[in-house]
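# Turn this into a structure:
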Amino acid sequence: YGGANRSITREYVDEVLGNFEKRDILLLQNEVNLLDYIIDQAYERGMMIILNPSPYDSALDGCDFSKISMFLLNEVEGEQITGENDAENMLEKLQAMYPKARVVLTLGGEGSVYQYKEERYRQGIYKVKAVDTTAAGDTFTGYFISSVIDGVPVPEGLALAAKAAAIAVSRQGAAASIPSREEVIKE
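Now for the predicted structure:
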């Protein structure tokens with residue numbers, strides 16, 4: 001049940017985005033309605049649009065993915081967009097389809113890959129005893145985007161995000177499992 005997430009109006013979108021400026025960052029997930037409208041309006045404002053296309057469904061068909069600045073997705077979503085089930089083929093096809101977009105493809109136990117034009121960086125996982133994986137993706141996303149905002153080099157940002165996600169899965173719960181930046185840095 002989508003609840004309030006699926007009750008957003010165009011007026012509300014316009015009001016909220018009216019507070020943003022060029023180069024501000026908008027992180028979206030496919031949990032709200034009007035995603036196509038939100039992407040179009042953010043693009044018109046010159047914002048950096050980061051999309052996690054999860055959960056992947058037909059609502060995404062109406063979205064202009066060429067307006068996306070960065071995709072943050074896993075292998076399942078990568079396959080749904082590209083039709084490819086091999087990570088290397090997925091990355092190549094994403095680059096061909098959306099050459100202006102940065103891509104962060106998470107690969108579960110195989111870590112993650114960042115791709116932008118000719119740049120490609122791989123990040124392995126930090127092995128821990130997983131207790132609860134509920135907040136792993138959100139933790140990774142938050143830490144990686146924070147590193148982008150802070151101007152941290154991509155390899156360092158991926159490592160920080162992977163380390164934070166590893167700490168999160170070693171704890172019970174969702175929000176309560178997300179480590180502070182100090183915890184991640186000292187580990």
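# pLDDT value on Val128, please?
Looking at Val128, its pLDDT is 94.
# That one in helix, strand or coil?
coil (DSSP: H, G, I helix; E, B strand; the rest coil).
# Surely it is in contact with Ile167?
Yes. Between Val128 and Ile167 there is a contact under CB atoms under 8 Å: 7.4 Å. In short, each C-beta sits where N, CA and C put it, glycine included.
# which residues in the protein form helices?
Listed in chain order, the helices of the chain (DSSP state H) span 10-17, 35-44, 75-82, 87-97, 136-149, 154-169, 181-186.
# which residues sit against the longest one?
Counting by CB atoms under 8 Å, 6 or more residues apart in numbering, the neighbours of helix 154-169 from elsewhere in the structure are 104, 111-112, 114, 119, 121, 123-128, 130-133, 135-137, 139-144, 147-148, 152, 177-179, 183-185, 187.
# which stretches of the protein aren't confidently modelled?
By pLDDT under 70, the chain contains no weakly predicted segment.
# Go again with 90.
For the chain, applying pLDDT under 90 flags the ranges 1-3, 6, 108, 186-187.
# quick one, which of Val128 and Ile167 is more surrounded?
Ile167 (20 against 15; other CB atoms under 10 Å).
# Distance check, that one against Gly142.
Noted for Ile167: a distance of 13 Å to Gly142, by CB to CB, to the nearest Å.
# quick one, what contacts the residue positioned nearest the centre of the chain?
Taking CA atoms, centre = their mean, the centroid of the chain lies closest to Leu72, which sits 3.0 Å from it. By CB under 8 Å, 6+ apart, the contact list for Leu72 reads 50-52, 104, 106, 141, 144.
# got it, and Gly108?
With contact set as CB under 8 Å, 6+ apart, Gly108 has these partners: 74-75.
# now with 10 Å?
When contacts are counted by CB atoms under 10 Å, 6 or more residues apart in numbering, Gly108 touches 74-76, 125, 133, 136.
# now those residues: which count as buried?
Buried subset of these (neighbour count, 16 or more other CB atoms under 10 Å): 74-75, 125, 136.
# Now do Ser7 against Leu107, distance only.
Taking CB to CB, one finds Ser7 at 35 Å from Leu107.
# got it, and Tyr12?
Tyr12 sits 36 Å away from Leu107, taking CB to CB as the criterion.
# Which one's more surrounded, these two?
Neighbour count, other CB under 10 Å: between Tyr12 and Leu107, Leu107 has more, with 17 against 11.
# Do I have it right that the more buried one meets Phe140?
No. Leu107 is beyond contact range of Phe140, at 11.5 Å (criterion: CB atoms under 10 Å).
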